[in-house]
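Student: I'd like to go over a predicted model; first the sequence, then the structure.
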Amino acid sequence: MTIEQIYTGCLAQGAYYIESNGEAAIIDPLRESKPYLERAEKDNSKIKYIFETHFHADFVSGHLDLAKKTGAKIVYGPKADTEYVKHTATDGEEFQIGKVKIKVLHTPGHTPESTCYLLIDENGKEHSLFTGDTLFIGDVGRPDLAQANTGLTQEDLAGWLFDSLRNKIMTLPDDVTVYPAHGAGSACGKNMSSETFDLLGNQKKNNYALRADMTRDEFIKEVTDGLLPPPSYFSANAQLNKKGYESIDVVMERGAKAMSPREFEAAANATEALIMDVRDKADFVKGFVPNSIFIGLDGSFAPWVGALIPDLKHPILIIAPQGREEETVKRLARIGCDNSIGYLKGGFDAWKKDGREVDSIETIDAAAFAEKYNDKTAVLDVRKPTEFSADHVENSQNLPLDFINQTMHEINKDTEYYMHCRSGYRSTVAASILKSRGFSKLINVQDKFDTISTLVPVTDFVCPSTLK
């Protein structure tokens, strides 16, 4: 028996490959099929089942393409209605994979159809539990993502989650290994651990949501307290996973079209495409195609794209480091951003060599910011409200990057702003978006907040004018 976690850091997502005696199963695959096909080929095994724990909201699952390429059966738990062929399992149903079994445990709460899969090994022992977004390491799934069109409240779903955890999961042996769908960095929970698996017994001791003395009402209050609004793309991704989507192969072929600077500019004008620059932030601020948006590949790329691009169907033109163009198309497709229509051949260097117009963002370090700072300096802090509340530059204004499209009207185009975040990534993204919308008096402090906070006055007082 083989269990392999295939972890993708950008989405903080864990898919799973399970193999026994020439047969394999995949749990919660990402959009692209290649990693799973290659893994099965390595073992000379046949993928028999694709198990989905729920309708994922933070990425487009790869079950449809993988099923077509392998003949594997797609399996969901109870209450999962889809517009494509799949097997709807009953609670307690078992599936044979070589010499091991997968048992279905319907665990509603995160969503009504949420299901965990219990691996029973060759000796009949309950070995591992693949928990999806029901149980994370250190946390549980948020219960507010499946309220639309269900008539359910987040309190209703949290109550279901309490029952699922107590009646289906906490009754299992302590030596069962918990394999969740996400780790730290995912927006599907509040306070996930950086660890990506653990023994159930440890979680019973250390996970706040599994406290033995916790009442149902206490659980509901703690799980729902402090939930930030989910990223805007979550509902669209859940619908794609439920209804179906275009083949990843078609998406890749369309997006991997190399364009000369002239062709690139013509395509931008003809389609009103969004120009997305995914290079390193330090390279972007020095020079970029006018009106392009920076979202760097080497950050939490896909989640930020989903949060900041209002229409995932909008055409996108890509400016990437050479050799990473197809990677960009693939990572966009992971969150249903399927309408990449090409990339700039030769990257930004080709644009410059062609003598075309370029733009830049004034960028300074923390020391230069400290020299300019006084109590009348306008400062935009684009970190999350929780980060801002903990510690921020005195008299600064919180403009969280997550909601910048909704709140930018609250700042003045005639005011000169110094912008910062924790490391410079988010402030560069925010500056690029604001500049594309006509904000020209922006100075980006591309340095660590830990450094900034040692050089200028900071406070943990949240002033009433803070943007929500």
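Tutor: Ah, there it is. Because the structure is predicted, anything quoted here is derived from the model rather than measured.
Student: Show me where the chain dips below the pLDDT cut-off.
Tutor: Residue ranges of the chain with pLDDT under 70: 147-149, 461-468.
Student: go again using 80 as the cut-off
Tutor: 146-151, 189-191, 461-468 (pLDDT under 80).
Student: per-domain residue ranges of the protein.
Tutor: Segmentation of the chain into domains, based on automatic domain parsing, reads 2-236, 247-353, 362-459.
Student: Next, format the ones you listed as TSV and append mean neighbour count.
Tutor: From N, CA and C alone the C-beta is placed, and that goes for glycine too. Below are the domains of the chain laid out as TSV (neighbours: other Cβ atoms under 10 Å):
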stretch	mean neighbour count
domain 2-236	19
domain 247-353	19
domain 362-459	18
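Student: okay, stretch 207-223 in PDB with CA atoms only?
Tutor: Coordinates of each C-alpha in stretch 207-223 appear next as PDB, following Å, rounded to 0.1, in the frame of the first residue of the first chain:
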ATOM      1  CA  ASN A 207      -7.300  21.300  18.000                       C
ATOM      2  CA  TYR A 208      -9.600  23.800  19.700                       C
ATOM      3  CA  ALA A 209     -12.600  22.500  17.800                       C
ATOM      4  CA  LEU A 210     -12.200  19.000  19.100                       C
ATOM      5  CA  ARG A 211     -12.200  19.800  22.800                       C
ATOM      6  CA  ALA A 212     -14.100  17.100  24.600                       C
ATOM      7  CA  ASP A 213     -15.800  19.500  27.000                       C
ATOM      8  CA  MET A 214     -17.000  21.900  24.300                       C
ATOM      9  CA  THR A 215     -20.800  22.300  24.000                       C
ATOM     10  CA  ARG A 216     -22.600  22.600  20.600                       C
ATOM     11  CA  ASP A 217     -23.300  26.200  21.200                       C
ATOM     12  CA  GLU A 218     -19.700  27.000  22.200                       C
ATOM     13  CA  PHE A 219     -18.500  25.300  19.100                       C
ATOM     14  CA  ILE A 220     -20.900  27.200  16.800                       C
ATOM     15  CA  LYS A 221     -19.800  30.500  18.400                       C
ATOM     16  CA  GLU A 222     -16.100  29.800  18.200                       C
ATOM     17  CA  VAL A 223     -16.100  28.400  14.600                       C
END
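Student: Check what contacts that stretch and list those residues.
Tutor: Here stretch 207-223 makes contact (Cβ atoms under 8 Å, 6 or more residues apart in numbering) with 135, 137-140, 142-143, 155, 158-159, 161-163, 165, 170, 203-204.
Student: out of those residues, which are inside strands?
Tutor: Judged by DSSP state E, strands contain none of the contacts of stretch 207-223.
Student: Tell me where the stretch 101-250 of the chain has helices.
Tutor: 154-164, 200-206, 216-224, 234-243, 248-255 (DSSP state H, counting those that start in this stretch).
Student: So which of these is nearest Glu113?
Tutor: helix 234-243 (9.4 Å; Cβ to Cβ).
Student: Next, the buried residues of that closest one.
Tutor: Phe234, Ala236, Asn237, Ala238, Gln239, Leu240, Asn241, Lys242 (16 or more other Cβ atoms under 10 Å).
Student: Mind jotting down where the strands sit in the stretch 201-350 of the chain?
Tutor: All strands of the stretch 201-350 of the chain, identified by DSSP state E, counting those that start in this stretch, fall at 258-259, 274-277, 293-294, 316-319, 340-344.
Student: Could you export those strands as JSON lines, including distance to Asn21?
Tutor: Shown next, in JSON lines, are the strands of the stretch 201-350 of the chain (distance: least, Cβ to Cβ, whole Å):
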{"stretch": "strand 258-259", "distance to Asn21": "45"}
{"stretch": "strand 274-277", "distance to Asn21": "46"}
{"stretch": "strand 293-294", "distance to Asn21": "49"}
{"stretch": "strand 316-319", "distance to Asn21": "44"}
{"stretch": "strand 340-344", "distance to Asn21": "41"}
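Student: what's the closest of those strands to Lys99?
Tutor: Here strand 340-344 is closest among the strands of the stretch 201-350 of the chain (Cβ to Cβ), at 43.2 Å.
Student: ok, and what's touching the closest one?
Tutor: Residues outside strand 340-344 that contact it (Cβ under 8 Å, 6+ apart) are 251, 254-259, 261, 263-264, 267, 271, 273, 289, 315-320, 325, 328-329, 332-333, 350-351.
Student: Could you tell me the angle between it and helix 248-255?
Tutor: Angle, strand 340-344 to helix 248-255, by axes from the mean of the first three to the mean of the last three Cα atoms, to 10 degrees: 40 degrees.
Student: Could you tell me which strands strand 340-344 is paired with, and in which direction each runs?
Tutor: strand 258-259 (parallel), strand 316-319 (parallel) (DSSP bridges).
Student: Just the C-alpha atoms of it, please, in CSV.
Tutor: Once non-C-alpha atoms are left out, strand 340-344 reads as follows in CSV (Å, rounded to 0.1, in the frame of the first residue of the first chain):
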residue,chain,number,x,y,z
SER,A,340,-5.7,33.4,-21.3
ILE,A,341,-5.3,34.3,-24.9
GLY,A,342,-1.5,34.5,-25.3
TYR,A,343,1.7,35.8,-23.9
LEU,A,344,4.4,38.3,-24.8
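Student: chain center to it, what's the gap?
Tutor: How far strand 340-344 lies from its chain's middle: 22 Å, per Cα atoms, centre = their mean, to the nearest Å.
Student: Then stretch 45-60?
Tutor: Counting by Cα atoms, centre = their mean, stretch 45-60 comes out at 16 Å from the chain centroid.
Student: With just CA atoms, put that stretch into PDB.
Tutor: What follows is stretch 45-60, C-alpha atoms only, in PDB (Å, rounded to 0.1, in the frame of the first residue of the first chain):
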ATOM      1  CA  SER A  45      -1.100   1.000 -11.600                       C
ATOM      2  CA  LYS A  46      -4.600   1.800 -13.000                       C
ATOM      3  CA  ILE A  47      -6.500   4.800 -11.500                       C
ATOM      4  CA  LYS A  48      -9.800   3.200 -10.600                       C
ATOM      5  CA  TYR A  49     -11.500   5.900  -8.600                       C
ATOM      6  CA  ILE A  50     -11.400   9.700  -8.200                       C
ATOM      7  CA  PHE A  51     -12.900  10.700  -4.800                       C
ATOM      8  CA  GLU A  52     -14.100  14.200  -4.200                       C
ATOM      9  CA  THR A  53     -14.600  15.400  -0.600                       C
ATOM     10  CA  HIS A  54     -16.900  18.200  -1.600                       C
ATOM     11  CA  PHE A  55     -17.500  21.000  -4.200                       C
ATOM     12  CA  HIS A  56     -14.200  22.900  -3.700                       C
ATOM     13  CA  ALA A  57     -14.500  26.600  -3.800                       C
ATOM     14  CA  ASP A  58     -10.900  27.700  -3.800                       C
ATOM     15  CA  PHE A  59      -9.800  25.700  -6.900                       C
ATOM     16  CA  VAL A  60     -11.200  23.800  -9.900                       C
END
